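Asks: quick one: sequence and predicted model below, then my questions.
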Amino acid sequence: MRRSRCFLNTILGVVIAAGACAKESVGVSEPEPPSYSLLGSLSGVLLQCTPEQYTVATAVIGPAGGVLHFGQHTLVVPSGALTANVTIQGEVITGDVNSVRFSPEGLTFQAKPTLTMSYRNCSGLGMLLSKKIAYTDEGLNLLELLQSLDLSGEKLVSAPLKHFSRYAIAY
């Protein structure tokens, strides 16, 4: 009886080992744990600011280009960016982040306009890091961090826009 039990245990061990080898041979492997970095955890956080006053401004901008000033922020549309005159509206949305919204939403351009946003009314640890303009949804969830130029001495950040939507300052 003892020998047969020992024999069964040996067979069971061989079967388990063979199963483990078969798993490796077909390319099944354990998932790798996620990796984290300090830089990655700090990217894409909206900069905290004192609320700005709600402001709205409109301008008709066409093929010659133009500038729209609204609150502390500026949109520069270069010549050739639009093929026809368009009424463009820029809004400063009040809240604890600097956020702006453009319409008509989804408007696209032949040449990218540049949005420059001020963060003079902002503070906190995010002020120590490079600022970026972030494309967000209406709930201020980050959808994309734009390639931005942080002019920290002037407390301004600029980025070219692909389309009109809602944007905020992030770090």
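Replies: Received it, and whenever you're ready, just let me know what you need.
Asks: for the spatially most central residue of the chain, which three-state class applies?
Replies: By C-alpha atoms, centre = their mean, the mean C-alpha position of the chain lies nearest to Glu144, the distance being 2.7 Å. Here Glu144 is strand, with the state taken from DSSP: H, G, I helix; E, B strand; the rest coil.
Asks: isn't it right up against Ala134?
Replies: Yes. In this structure, Glu144 is within contact of Ala134 by C-beta atoms under 8 Å, at 7.0 Å. No exception for glycine: its C-beta is placed from N, CA and C like everyone else's.
Asks: break the protein down into its domains, please.
Replies: 1-28, 55-170 (automatic domain parsing).
Asks: out of those domains, deepest packed?
Replies: Across these, averaging neighbours per residue (mean count of other C-beta atoms under 10 Å) puts domain 55-170 on top, at a mean of 17.
Asks: now that one: average pLDDT?
Replies: Averaged across domain 55-170, the pLDDT comes to 96.
Asks: and it, end to end?
Replies: 21 Å (C-alpha to C-alpha, to the nearest Å).
Asks: repeat for stretch 48-58
Replies: Across stretch 48-58, first to last residue, C-alpha to C-alpha, it's 27 Å.
Asks: what residues does that stretch touch?
Replies: Residues from elsewhere that reach stretch 48-58, judged by C-beta atoms under 8 Å, 6 or more residues apart in numbering: 68-72, 87-98, 119, 121-124, 126, 169.
Asks: for stretch 145-164, same thing?
Replies: Contacts of stretch 145-164 (C-beta under 8 Å, 6+ apart): 43-44, 75, 88, 102-109, 112-120, 122, 130-135, 167, 169-170.
Asks: mind doing that once more with 7 Å?
Replies: 43-44, 102-108, 112-120, 130-135, 169-170 (C-beta atoms under 7 Å, 6 or more residues apart in numbering).
Asks: okay, that stretch in PDB with CA atoms only?
Replies: C-alpha atoms of stretch 145-164 as PDB (Å, rounded to 0.1, in the frame of the first residue of the first chain):
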ATOM      1  CA  LEU A 145      -1.300  66.700 -22.500                       C
ATOM      2  CA  LEU A 146      -0.300  69.000 -25.300                       C
ATOM      3  CA  GLN A 147       3.300  69.800 -26.300                       C
ATOM      4  CA  SER A 148       3.600  73.100 -24.400                       C
ATOM      5  CA  LEU A 149       6.000  75.900 -23.700                       C
ATOM      6  CA  ASP A 150       6.100  77.000 -20.100                       C
ATOM      7  CA  LEU A 151       7.200  80.700 -19.700                       C
ATOM      8  CA  SER A 152       7.500  80.400 -15.900                       C
ATOM      9  CA  GLY A 153       9.000  83.900 -15.500                       C
ATOM     10  CA  GLU A 154       5.800  85.400 -17.000                       C
ATOM     11  CA  LYS A 155       3.600  82.700 -15.500                       C
ATOM     12  CA  LEU A 156       2.300  81.800 -19.000                       C
ATOM     13  CA  VAL A 157       2.000  78.500 -20.800                       C
ATOM     14  CA  SER A 158       1.400  78.100 -24.600                       C
ATOM     15  CA  ALA A 159       0.500  75.200 -26.900                       C
ATOM     16  CA  PRO A 160      -0.700  74.800 -30.500                       C
ATOM     17  CA  LEU A 161      -4.200  73.400 -30.700                       C
ATOM     18  CA  LYS A 162      -5.500  70.800 -33.100                       C
ATOM     19  CA  HIS A 163      -9.100  71.600 -32.600                       C
ATOM     20  CA  PHE A 164     -11.500  73.500 -30.400                       C
END
